[in-house]
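Undergrad: kindly return the folded structure for what I paste below:
(one chain, ligands or ions: 1)
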Amino acid sequence: MGNDKKVIFYLIDGARPDVLQSLVAKGELPNIKKYLFEEGSFQLGTTCFPSTTGPAYLPFLTGRFPGEHDITGIRWFDKEAYFKGRWQRNAMRSYCGYEAKYFNEDMNTDYPSLLEIYPENFNIYNMITKGVKEENDLTKKQKSKLYFNAHFKHTHHIVDEIGHAHLMHAIQNQFRFIFAVFPSIDWDSHTYHYEDERTIESYRIADRSLGEVITKLKELKQWDNTMIVMASDHGLTSTHTHLDLGRFFKKNKYRVLEYPSIWTLFPQVSVFISGNSFATLSFLDQKSLYYKPALYSKHAQVLDNLVREDAIDFIVMRNDESSLSVVNQEGEAHILIQDDTVAYKHISGNPFGIDETPGFLDAKETFDYCLYSDYPDALIQCKQLFDSKRSGDIAVSANVGFDLRDFWEIPEHKGSHGSLHKDHLHVPILLSKPILDHPIRTTEVFELIKQYLDGQ
Ligand SMILES: [Zn+2]
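TA: Prediction:
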């Protein structure tokens, strides 16, 4: 026996919770204020590491972190596959180019997405299309041209307006679930600033869309049985300095494998960057993944140089089979892992700026433990990333204000995300039902939607 409940998900890409809140306070977003803040729920959420578009959609849609899908960034390198054959398809990936089409196939089939679970769906601009009938992927034909123009001519807002028109059309049909991406907040923030007037206008576009959608749902007598979810996949900070990580390794006399120059002869290190504030590194003089003692016995010099760079906040690597090492300029701490629990221990420093945990904490306890620190959910986020072999040997998190890619980036990025810093990790979670009274991980939004649609 089915029910007639529906969910419409507004993925407002790159929206910061504090910016959203202040716009609501100023009366700039009247529909979000009335229907989500006042009549529904607004809570702080935490996204994943890396806090990057694409991988950061996975928690919402599948309830699982990027590491659980082995999709550890918008670019990743798989050492094991690489040494089986450099040119085999799963040796490396960049979803930024023609390989974007592999994203769906790369997802872990153990964790089906809401679009697979609820086949009566519509999809707008989202690259995760598994489970979407071709005719219901409403922007399929227009997307590449619109995105191309948006990228090179900065025609951002029209993309959201067209998405909204599709959404208005979709809600007049039979459906259970709609996933609509509004990409302009992210694009404007990258191109201008996250509080630029043009970026603020992107928030207003989403607000006006929400108002029109709700008016239409009321007209169709579908409002009472519909839940709106509005959330973003990461925050964003403005960028003043680029450190090109590929060039850094070249200066340190390493031959570098990176996108797009993947043809380098006899590469010694692979540098894969996501969201521009996150990178994974793999050293190619050892076929298996490195643990810290062996890694430092061979590469201490370059790694010491790396963490001394102003652009680098910290690096993480496997310390041994049951711990990770986090290193910054000041020293080192360990994340100890025992089954699904984690502990944090200062060694010679405290890169996350949090107290040592009183023993091992489970996922819920560790969430509460560091939610309001500078690195929310840091312990579980590092664990999930390094559970995947595609984390590489090292994950690099950039300092706020810096990013890790310069030479290849056209147009220049003035905003970044991807890191584990709270300004990238904190996201707004809004629902049109008053059912959420505490901060959550974005993975938990998946469960909330399922519970609602399944009528519990
Ligand atoms: Zn994004």
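Undergrad: got the buried residues for stretch 137-154?
TA: Applying a neighbour-count criterion of 16 or more other C-beta atoms under 10 Å, one finds 137, 138, 139, 143, 146, 147, 150 buried in stretch 137-154. For every residue, glycine as well, the C-beta is placed using N, CA and C.
Undergrad: so what's the gap between stretch 394-401 and the chain middle?
TA: 14 Å (C-alpha atoms, centre = their mean, to the nearest Å).
Undergrad: averaged pLDDT, that stretch. What do you get?
TA: Averaging pLDDT along stretch 394-401 gives 96.
Undergrad: one more: stretch 178-196?
TA: Mean predicted lDDT for stretch 178-196 stands at 95.
Undergrad: swap in stretch 207-219?
TA: Rounded mean pLDDT across stretch 207-219 is 98.
Undergrad: contact partners of it?
TA: 8, 10, 28-32, 35-36, 160, 164, 167-168, 171-172, 182, 223, 226, 228, 230 (C-beta atoms under 8 Å, 6 or more residues apart in numbering).
Undergrad: inside strands: which ones of these?
TA: 8, 10, 182, 226, 228, 230 (DSSP state E).
Undergrad: surely residue 307 is in a helix?
TA: Yes: Residue 307 forms part of a helix when assessed by DSSP: H, G, I helix; E, B strand; the rest coil.
Undergrad: residue contacts, it?
TA: Here residue 307 is in contact with 314, 315, 327, 328, 329 (C-beta under 8 Å, 6+ apart).
Undergrad: pull up the pairing partners for the worst-scoring helix or strand of the chain on mean pLDDT, direction included.
TA: Across the helices and strands of the chain, the lowest-confidence element by mean pLDDT, DSSP states H and E is strand 415-416, at a mean of 87. When sheet partners are counted by DSSP bridges, strand 415-416 sits next to strand 237-238 (antiparallel).
Undergrad: now the strand it pairs with: mean pLDDT?
TA: 92.
Undergrad: so what's whichever residue of the stretch 1-150 of the chain sits closest to the ion up against?
TA: Of all residues in the stretch 1-150 of the chain, residue 53 sits closest to the ion, at 3.0 Å by C-beta to the ion. Contact analysis of residue 53 by C-beta under 8 Å, 6+ apart lists 13, 14, 74, 186, 233, 234, 275.
Undergrad: farthest-apart pair in these, please.
TA: 14 and 74 (13.9 Å; C-beta to C-beta).
Undergrad: neighbour count winner among the two?
TA: residue 14 (31 against 27; other C-beta atoms under 10 Å).
Undergrad: distance check, the nearest residue to the more buried one once chain neighbours are set aside against residue 16.
TA: Among residues not flanking residue 14 along the chain, residue 186 sits closest, at 3.1 Å (C-beta to C-beta, 6 or more residues apart in numbering). Using C-beta to C-beta, to the nearest Å, residue 186 is found at 11 Å from residue 16.
Undergrad: what do the two both touch?
TA: residue 236.
Undergrad: re the thing from before, in a helix, the residue nearest to residue 14, correct?
TA: Yes: read with three-state DSSP, residue 186 is one of the residues of a helix.
Undergrad: for the ion, what is the nearest residue in the stretch 351-456 of the chain?
TA: residue 417 (7.0 Å).
Undergrad: please name the bridge partners of that residue.
TA: residue 276.
Undergrad: next one: the one 10 residues further on
TA: Taking DSSP bridges, one obtains residue 45 as the residues bridged to residue 427.
Undergrad: that one touches residue 235, doesn't it?
TA: Yes: using C-beta atoms under 8 Å, residue 427 is in contact with residue 235, at 6.4 Å.
Undergrad: which residues do the two both contact?
TA: Common neighbours of residue 427 and residue 235 (C-beta under 8 Å, 6+ apart) are 15, 16, 17.
Undergrad: residue contacts, the last one?
TA: This points to residue 17. Taking C-beta under 8 Å, 6+ apart as the test, what residue 17 contacts is 44, 45, 235, 426, 427, 428.
Undergrad: roughly how far apart are it and residue 434?
TA: 18 Å.
Undergrad: any idea how far apart the tips of stretch 151-163 sit?
TA: 16 Å (C-alpha to C-alpha, to the nearest Å).
Undergrad: pLDDT (mean, whole number) over it?
TA: On average, stretch 151-163 scores 94.
Undergrad: which residues touch it?
TA: 124-125, 139, 142, 146-147, 149-150, 180-184, 187-188, 191, 198, 201-202, 205-206, 209, 411.
Undergrad: show only the entries of those found in helices.
TA: 146-147, 149-150, 184, 187-188, 191, 198, 201-202, 205-206, 209 (DSSP state H).
Undergrad: what does the residue of the stretch 1-150 of the chain closest to the ion show for phi and psi?
TA: Dihedral pair for residue 53: phi -50, psi 140, per degrees, to the nearest 10.
Undergrad: state the pLDDT value of it.
TA: So residue 53 comes in at 92 (pLDDT).
Undergrad: please apply the same query to residue 7.
TA: Reading off the model, residue 7 has pLDDT 98.
Undergrad: mind listing what it touches?
TA: Contacts of residue 7 (C-beta under 8 Å, 6+ apart): 176, 177, 178, 226, 227, 228, 229, 449, 452, 453.
Undergrad: now render the shared contacts of residue 427 and residue 235 as TSV, adding secondary structure and pLDDT.
TA: Formatted as TSV, those follow (DSSP: H, G, I helix; E, B strand; the rest coil; pLDDT from 0 to 100):
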residue	secondary structure	pLDDT
15	coil	97
16	coil	97
17	helix	97
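Undergrad: and the ion, which of the residues you listed reach it?
TA: Among the shared contacts of residue 427 and residue 235, no residue lies close to the ion (C-beta under 5 Å from the ion).
Undergrad: can you show me the strands along the stretch 51-200 of the chain?
TA: Using DSSP state E, counting those that start in this stretch, the strands of the stretch 51-200 of the chain run over residues 75-77, 92-94, 121-124, 177-182.
Undergrad: just the stretch 351-456 of the chain next, same as before
TA: 394-398, 402-403, 415-416, 426-431, 440-441.
Undergrad: most tightly packed of those?
TA: Ranked by mean neighbour count, those are led by strand 394-398 with a mean of 28 (mean count of other C-beta atoms under 10 Å).
Undergrad: low pLDDT regions in this protein?
TA: 1-2, 407-412, 456 (pLDDT under 70).
Undergrad: for it, which residues are neighbours of the ion?
TA: 13, 14, 53, 186, 233.
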